[in-house]
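Participant: Task: produce atomic coordinates for the following.
(one chain, ligands or ions: 1)
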Amino acid sequence: MKWSPSSNRAQGDVSRVEAPVTLRGYLLCVFAAFGGILFGYDSGYISGVLAMDYFKQEFGHPGSKDPSAYKGYLYDTWQKSLITSILSCGTFFGALAAGSLADWIGRRTTIILGCWVFSAGVVLQVASTTVAMLVPGRLIAGVGVGFVSAIIILYMSEVAPKAVRGAIVSGYQFFITIGLLLASVVDQGTHSRMNTGSYRIPMSIQWVWALVLGTGLFLLPESPRYHVKNDNLDKAAEALSILRGQPKDSEFIKDELAELVANYRYELENMHTSWLDCFSGGWKPSGNLRRVILGIAMQMMQQWTGVNFIFYYGTTFFQQVGLKNAFVVSMITTAVNVGSTPISFWTVEKLGRRPLLIWGAVGMLICEFIIAIVGTADSGSNAANYCLIIFTCFYIFFFASTWGPAAWVVIGEIFPLPIRAKGVAMSTASNWFWNFVIGYVTPYMVDADQGNLRAKVFFVWGATCTACVVFAYFLVPETKGLSLEQVDRMLEETTARTSAAWVPHDTFADQDTRNQVEKAAAVGGAEHHEEKV
Ligand code: BGC
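Facilitator: Numbers count the residues shown, from 1 in each chain. Prediction:
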């Protein structure tokens, strides 16, 4: 059964390097996206748990005057920040370490290892009754999520057929959103229990996702590009044949493999694979340094959209501004997040990455400024609260259908194979770094006894989102419809703003063959010349 890709960049003969997408091949890639659940659930469940009465009583201390305290019981602002953001600290280091691991032990094995580390962190969390034990549990689980979140993107980008690569990586984002929604539903279901089940149930459920992902990955092949990198061409052909649903010796598999090998050779002529090489090449669009900065900035900007303010602190923020059903509103925002993400499966291939990022940020900043202005002018009124709920939903809609998926899609595509694992790892680490910074700083901006910004905090997010528009317009190249190898070529020959019009005109395999023929001719010519002499 064939699945017809929607995206087409006129390619003529050069498009023959990949087999048509089969449903089976498609499903194999989609399974990896399941890892997103781990990411989403893990970062999402904490928002609701922090707002639970039993949790406040068990982990907090008496005497708080904050309106959100339970019978005077609450944890300190620094504890709330730490519990939330320590996960991102673990994921930051996990993602970086995974960049090396994925090149040593393979992409798939690194993800499976991540599931084990994550499980150890979950055990600590479930066993905890104090902040002192919960924090290390979140830290260790974070390291595992770091492995998984960085390497899944790498793995998916490397195994997916190019025509649906954007859609498949968006599938990862879709699972992130499902993870967030499930966390919110579970929190909603247990928040009124006045026993340890209130927080232990949401915490234990994290483990189920690790189990499914870790077990399922045993059935998937390793990335063919990892095998190419290790000069294991037979295994690379085997992996490709499973992924593309074609016999190992078919022309499609031979052509695609030839292209991977030729591109890798070409890249290796100009660079090596160490961490230092990630920073070579200067500011030219195809230079490694430029690509690494692009990846890191891309994920930083994704966090600067401010989306995690809603997902991490939404429940407590809504309580603070006086919304009666804070838990329900928070669940609605996560549902909008899930519902809007699939739009990107189509748009990311049809419209491309650039328009999504530019217009998505424009949509978000408009919503943010509206919330900020109305909330400040008419603070505490019904109108301001309705405005908050409605425009938060629009804002999440714009994020979910654009920056949510597209930021991951782009970082999977912009790095050349020799440094791809490390480049994706650094970009993912940047996501988690900014996740951490924003997670840590936000309570100080909005808590009643701290900055008490209330709706004004949306002025901050509106401003940072404006920076996202500028960034996307000037720096993000269009990568839709190209193989990862063609992206390399495109970056060499265009700038971000002219990239969308670029059309592939040559393959690395053709060039490699031409080079060899020329070399042979030169050698032949020289020998002929010597003979004559
Ligand atoms: C972001 C997360 C965010 C999630 C929301 C992801 O792409 O990286 O930080 O919580 O989207 O859906």
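
Participant: And for Val338, nearest residue in space, chain neighbours not counted?
Facilitator: Distances taken as CB to CB, 6 or more residues apart in numbering place Thr177 nearest to Val338, at 4.5 Å, with adjacent residues excluded. Where you see a C-beta, it was placed from the backbone N, CA and C, and this is true even at glycine.

Participant: my bad, should have said Ile46
Facilitator: Thr84 (5.5 Å).

Participant: Backbone dihedrals for Ala448, please?
Facilitator: phi -60, psi -40 (degrees, to the nearest 10).

Participant: From what I see, it and Asp66 are in contact.
Facilitator: Yes - Ala448 lies in contact with Asp66 (CB atoms under 8 Å); the separation is 5.8 Å.

Participant: which one of these two has more residues nearby?
Facilitator: Between Ala448 and Asp66, counting by other CB atoms under 10 Å, Asp66 is the more crowded of the two (16 against 13).

Participant: Now do the SS call for that one.
Facilitator: coil (DSSP: H, G, I helix; E, B strand; the rest coil).

Participant: looking at it, it is touching Leu74, isn't it?
Facilitator: Yes - with contacts counted by CB under 8 Å, Asp66 reaches Leu74, the gap being 5.5 Å.

Participant: just to revisit the earlier point, now do the host helix or strand of the residue nearest to Ile46: which elements does it pack against?
Facilitator: Counting by DSSP states H and E, the element that carries Thr84 is helix 77-104. Packing partners of helix 77-104 (3 or more CB pairs under 8 Å, 6 or more residues apart in numbering; DSSP states H and E): helix 35-50, helix 107-127, helix 131-159, helix 224-229, helix 417-446.

Participant: Check whether it comes near the ligand.
Facilitator: No - figure legend: helix 77-104 not in contact with the ligand (CB under 6 Å from any ligand atom); closest approach 8.7 Å.

Participant: Can you mark which positions in that helix are buried?
Facilitator: 77, 79-99, 101-103 (16 or more other CB atoms under 10 Å).

Participant: before we move on, the earlier item: can I assume the residue nearest to Ile46 is in contact with Leu50?
Facilitator: Yes - counting by CB under 8 Å, Leu50 is a contact partner of Thr84 at 7.2 Å.

Participant: quick revisit: so of the helices and strands packed on helix 77-104, which one's packed in deepest?
Facilitator: A comparison of the helices and strands packed on helix 77-104 by mean neighbour count, using mean count of other CB atoms under 10 Å, puts helix 35-50 on top with a mean of 28.

Participant: CA-only coordinates of that one, as PDB, when you get a sec.
Facilitator: As requested, the backbone C-alpha atoms of helix 35-50 are provided in PDB (Å, rounded to 0.1, in the frame of the first residue of the first chain):
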ATOM      1  CA  GLY A  35       8.400   9.000  22.900                       C
ATOM      2  CA  GLY A  36       6.800  12.400  22.900                       C
ATOM      3  CA  ILE A  37       4.300  11.100  25.500                       C
ATOM      4  CA  LEU A  38       7.200  10.700  28.000                       C
ATOM      5  CA  PHE A  39       8.200  14.300  27.400                       C
ATOM      6  CA  GLY A  40       4.700  15.800  27.600                       C
ATOM      7  CA  TYR A  41       3.400  13.800  30.500                       C
ATOM      8  CA  ASP A  42       6.500  14.300  32.600                       C
ATOM      9  CA  SER A  43       6.600  18.000  32.200                       C
ATOM     10  CA  GLY A  44       2.900  18.300  32.500                       C
ATOM     11  CA  TYR A  45       1.800  16.400  35.500                       C
ATOM     12  CA  ILE A  46       3.600  18.600  37.900                       C
ATOM     13  CA  SER A  47       1.500  21.700  37.300                       C
ATOM     14  CA  GLY A  48      -1.600  19.900  38.600                       C
ATOM     15  CA  VAL A  49       0.200  18.100  41.400                       C
ATOM     16  CA  LEU A  50       1.600  21.500  42.800                       C
END
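
Participant: Rounded mean pLDDT for it, please.
Facilitator: Taken as a whole, helix 35-50 carries a mean pLDDT of 89.

Participant: who does it touch, helix- and strand-wise?
Facilitator: helix 77-104, helix 107-127, helix 131-159, helix 165-190, helix 197-217, helix 307-320, helix 326-340.

Participant: How far away from the center of its chain is the fifth one?
Facilitator: In terms of CA atoms, centre = their mean, to the nearest Å, the centre of helix 197-217 is set 20 Å apart from its chain centre.

Participant: How about it, which residues are buried there?
Facilitator: 198-203, 205-207, 209-210, 212-214, 217.

Participant: can you pull the contacts of Thr362?
Facilitator: No Thr there; residue 362 is Val. If you count contacts by CB atoms under 8 Å, 6 or more residues apart in numbering, Val362 has them with Val469.

Participant: what do you get if the cut-off is 10 Å, keeping everything else the same?
Facilitator: Phe398, Thr402, Cys465, Thr466, Cys468, Val469, Ala472 (CB atoms under 10 Å, 6 or more residues apart in numbering).

Participant: The host helix or strand of it and the ligand in contact?
Facilitator: In the assignment (DSSP H and E), Val362 maps to helix 353-377. No - judged by CB under 6 Å from any ligand atom, helix 353-377 makes no contact with the ligand; its nearest approach is 12.0 Å.

Participant: Compute the mean per-residue pLDDT across that helix, please.
Facilitator: 96.

Participant: What's the first helix or strand after it?
Facilitator: helix 382-401.

Participant: in that following helix, what counts as buried?
Facilitator: Neighbour count says helix 382-401 has 384-385, 387-389, 391-401 buried, by 16+ other CB under 10 Å.

Participant: how much space between the residue most central in space within the chain and Thr428?
Facilitator: Central residue of the chain (CA atoms, centre = their mean): Trp408, 4.0 Å from the mean position. Look at Trp408 and Thr428: by CB to CB, to the nearest Å, they are 9 Å apart.

Participant: Mutual contacts of the two, please.
Facilitator: Common neighbours of Trp408 and Thr428 (CB under 10 Å, 6+ apart) are Ser149, Ile152, Ile153, Gln299.

Participant: quick revisit: tabulate the CA atom coordinates of the helix or strand where the residue nearest to the centre of the chain lies in PDB.
Facilitator: Taking DSSP H and E as the definition, one finds Trp408 inside helix 403-413. Extracted in PDB, the C-alpha atoms of helix 403-413 (Å, rounded to 0.1, in the frame of the first residue of the first chain):
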ATOM      1  CA  TRP A 403       6.200  26.400  16.600                       C
ATOM      2  CA  GLY A 404       5.400  23.300  18.600                       C
ATOM      3  CA  PRO A 405       6.100  20.900  15.800                       C
ATOM      4  CA  ALA A 406       8.100  23.000  13.400                       C
ATOM      5  CA  ALA A 407      10.900  23.800  15.900                       C
ATOM      6  CA  TRP A 408      11.600  20.100  16.300                       C
ATOM      7  CA  VAL A 409      11.300  19.400  12.600                       C
ATOM      8  CA  VAL A 410      13.900  22.000  11.700                       C
ATOM      9  CA  ILE A 411      16.500  20.900  14.200                       C
ATOM     10  CA  GLY A 412      16.300  17.400  12.900                       C
ATOM     11  CA  GLU A 413      17.100  18.600   9.400                       C
END
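
Participant: same question for stretch 394-406, mean pLDDT?
Facilitator: 97.

Participant: Quick check: the two most widely separated of the buried residues of helix 197-217?
Facilitator: Ser198 and Leu217 (32.2 Å; CB to CB).

Participant: Adding mean pLDDT, write the helices and strands packed on helix 35-50 out as a markdown table.
Facilitator: Listed next are those as a markdown table, based on pLDDT from 0 to 100:
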| stretch | mean pLDDT |
| --- | --- |
| helix 77-104 | 92 |
| helix 107-127 | 96 |
| helix 131-159 | 94 |
| helix 165-190 | 92 |
| helix 197-217 | 94 |
| helix 307-320 | 85 |
| helix 326-340 | 91 |
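
Participant: got a pLDDT number for His227?
Facilitator: pLDDT, His227: 95.

Participant: What is the burial count for the closest residue to it other than its chain neighbours?
Facilitator: In space, and not counting its chain neighbours, His227 is closest to Ala236: 3.6 Å by CB to CB, 6+ apart. Using other CB under 10 Å, Ala236 is surrounded by 25 other residues.
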